Structures are given as structure tokens and as C-alpha cells.
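A.B. asks: I would like the atomic coordinates for the input below:
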Amino acid sequence: MVSTNGGGMTETAAIASHEGVAGSSRRWTQRSGAAAKRRLRVLFAIDNMGIGGTELNAVRTAERVDRARFDLFVLCLQDRGPLLARYEAQGISALRLPIRRLYGPTALRQGWRLMRFLRHQRIDIVHCHDVYDNIFTTFWSRLAGVPVVIASRRWWDEVPRRALRTVNRRAYRFADSVIANSATVADLLVQHEGVPARRVTVIPNFVDERAFTPPSSEARQAFFAELGVPADAIVVGCIAGLRPVKDHASLLHAAAGLVRRWPPLRLVLVGDGEARDPLRALAARLGIADRVHFAGTRPNDPNLHHLFDVSILCSLSEAFPNSIVEAMAAARPVVATRVGGVPDAVVDGTTGRLVEPRNPAALAAALEALLADSEMRRAMGRAGQLRARAQFHADGVIPALESLYERLYAARMR
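C.D. replies: Below you'll find the model as predicted:
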């Protein structure tokens, strides 16, 4: 990720005020009625093309937006990453402007390049997906006179530096709308970030119909055989990057207290990251190394939650995790920590169980209650699947985003 210290960005932001660039935006939108009916040109702005929740949500959205109504482009503040191929497969042009900092000579040069690109391509809407683009891209988009600029808040409290948080809060002023990926995050924007409620829109993470379809029995057998999971195992699965914020350590401690009473219990951890080796070592110290299976990073199609008996996410911080919605689509009960926007997805006692973070005993108790009651597992799974289909299906979420684009653009054209 790029980094900032806030001070340099404050100097850059002094180049133009929000009011000063608004005039150029209005000039941009003085078009004929015929021109206004063409496909809207939308630029997705993303920090990197790695495998992460925000990055996957952005590319999955780009793959589903109606190309008869929208021409898509993508901006990346790094110059490589595995998800670039997915944009290219959709014929979406990628502008790569790698920067190490949000201030300084390189950022200034890349900003001018971005401004020229936006003007040359006549971009109508810039949609920023992360904190770095909120700061960098909203500013240069306004300076370029882009009619509609959208910022996002897709995190809870993971932004590490106070300066970054402060500058991001100021960057919201450049946006016509700020997208939150859950109602709880939207409340945070209004109550703590000072964004007027009328400029906040909730567009949740989503799943498509494929997430509801289980893998074949052959695929299931092959997956478990590869990992060495016994055919008669009770599988608790977690799909999340192996990073400290996901707190897999609490899950391992919880499992260590359960395996004596539940000999068939196995943990399957899908994902990778810097915590992999420490977690392997912890599993060995706890005496459960043979019960914990590290599956590494896997494609999210098919939806691997179908292979679990219970899905779990014990993060210390989340905004609105894709993994939980995917588990619900797979009709799996969810045990999750009560953090951030997780309660917007998991209905405690109906679609799963919520527990406090950093509490292995509470995790173990919630898991054991589900392990002991197969009918409860099925009932919660069914309820979760109905909720996922009704509230978090792509067929509802993508049209809501497209409607937001058109509504904001039409307002600028008036």
C-alpha cells in the first residue's frame, strides 16, 4: 500500500479548494442532451490488485456492471497484481500510476497524469474504493473537473496512522457521495466522520448465484483428500487472510479446548499471510497440529463454505466481510465476533452466533452449541441463505449501484 504522513497532503490540498474546483466540474457538465444520453464513463480507483476483500469486491462489481450503459476504466496506484488479468479479460482499460507516497514530486507528477487522463477520456464518474484513492484520486478528479466523484468507506478502524485518518476525513468533502458497505459503517460516517447523511449511501458486499451452488461431491472429496481431512470429520472452516487482525489465534485456542470432547473436529483455514508460520507454531504448542489444516489461498468459485459444517470469522475489526455473506449463501451457520458491521450480516440466534472479540472461551461455547445440535445448524443455515438471497444478492446490489451512478450524474446535469 502507499503511505502518507498527512503534512505533505495538506500542502497539496491547498492547491485548490472544493469550491474552487466545483466551477470546473460545472463547466465539464455543460453538454448537449444527445451527449448526456451516451454511456456513462466510469473510472474505478483502487490502491492495489492483490487478493483482498475490497479488491475482490471491486473487480467482481466491474464484471457485473451493465456495459450497455457504462464504459469502465480502472486506475491502480500500484503497477502489478493478480486481479489486473480479470479486468483485462473484461476489456477494461487499466491506468497504472504507481506511487509510494501520497505526497512529494512523484505523487504530483502522477496526479497531473491522472488529471490529463480524466480530461482526455471524458470520465463522467470516478468511484474510489479505498482510503488511498479517497485522498489521492478524489482531489485530482475534482481538479480535472470530473462531474461525479464517489468516495468509499469499506473498513472499520484498520487505518493505522492518525494523519491518514485525518486527511481521509477531509477528502470526503470532495465527494458527491460516500459509499458505506454496511449500515453500521454508514452510521460511523455520519456520527464520527462528519459526512452529511444525505451524502452517504449503503451498497453492501454481494454474492451472485454461483455462491449458492455447492461444489460437486467429487470436488469435495478431492479438496479434503488434498488437505488430509478425514471423510467423517466435523469441519469448522474459516476463510480469511492469515493476518493478526483476523485473530485466528483465538480460534486455535478455542479448538484446543474442544478437541477432547469432539474427536472428529477439524479446522480448515483458507487464506494466507504473514501469520501463517506463527499460527502453525501455535497449533503445535497447543497439541492440535493434526487437527488444523492450512489450505492456502483458493479461488472463491466454487464457494468453499459449502464444504464446512460451521463457518467462523473471529476478526478484531471488520466493516462488512465478504466471507460471512458467502457462508450465508452456502446455508452455513456462522460464528463471528461482534465487531464493526458484522451484526449487519449475522442475526444473532437466527443465522448464527455473535461473540465478543479476543474471547476463546466464548468462541468455544458458541461452536460447541452448534456442534451439539445438527437441527440448529440446519435452521440457522437456511435462515442465513434466505437473508443472503434477499439482501446481498448481486441482482439487487449491482442495480442499486448503477442507479446511484445515474442519479448523481443526472443531478450534475441539471
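A.B. asks: what packs against the longest helix along the chain?
C.D. replies: For the chain, the helix reaching the highest residue count under DSSP state H is reported as helix 394-413. Of the remaining helices and strands, those touching helix 394-413 by 3 or more CB pairs under 8 Å, 6 or more residues apart in numbering; DSSP states H and E are strand 40-46, helix 53-64, strand 125-128, strand 148-153, strand 177-180. Just so you know, the C-beta spots here come from the backbone N, C-alpha and C atoms, and that holds for glycine as well.
A.B. asks: So, low pLDDT: which residues of the stretch 51-200 of the chain?
C.D. replies: Low-confidence segments of the stretch 51-200 of the chain (pLDDT under 70): 160.
A.B. asks: Where do the helices of it begin and end?
C.D. replies: For the stretch 51-200 of the chain, helices defined by DSSP state H, counting those that start in this stretch occupy the ranges 53-64, 84-89, 105-120, 131-144, 162-171, 183-191.
A.B. asks: Can you pull out the residues in contact with the third one?
C.D. replies: What it means is helix 105-120. Defining contact as CB atoms under 8 Å, 6 or more residues apart in numbering, one finds that helix 105-120 is touched by 8, 12, 43, 75, 95, 97-101, 123, 126, 136-137, 139-141, 143-146.
A.B. asks: domain ranges for this structure?
C.D. replies: Following automatic domain parsing, one gets these domains for the chain: 7-206+394-413, 209-391.
A.B. asks: Make CSV from those domains and add mean neighbour count to it.
C.D. replies: Shown next, in CSV, are the domains of the chain (neighbours: other CB atoms under 10 Å):
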stretch, mean neighbour count
domain 7-206+394-413, 18
domain 209-391, 19
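A.B. asks: which residues of the stretch 201-350 of the chain fall in helices?
C.D. replies: Secondary structure of the stretch 201-350 of the chain (DSSP H, counting those that start in this stretch): helices at 217-227, 248-256, 276-285, 322-329.
A.B. asks: Of all the ones you listed, which one is nearest Asp208?
C.D. replies: Nearest to Asp208 among the helices of the stretch 201-350 of the chain is helix 322-329 (8.9 Å), distances taken as CB to CB.
A.B. asks: Using CSV, write out every CA atom in that closest one.
C.D. replies: What follows is helix 322-329, C-alpha atoms only, in CSV (Å, rounded to 0.1, in the frame of the first residue of the first chain):
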residue,chain,number,x,y,z
ASN,A,322,-17.4,-11.0,2.2
SER,A,323,-16.7,-14.3,3.9
ILE,A,324,-19.8,-14.1,6.1
VAL,A,325,-22.1,-13.3,3.2
GLU,A,326,-20.6,-16.3,1.3
ALA,A,327,-21.1,-18.5,4.3
MET,A,328,-24.8,-17.5,4.5
ALA,A,329,-25.2,-18.2,0.8
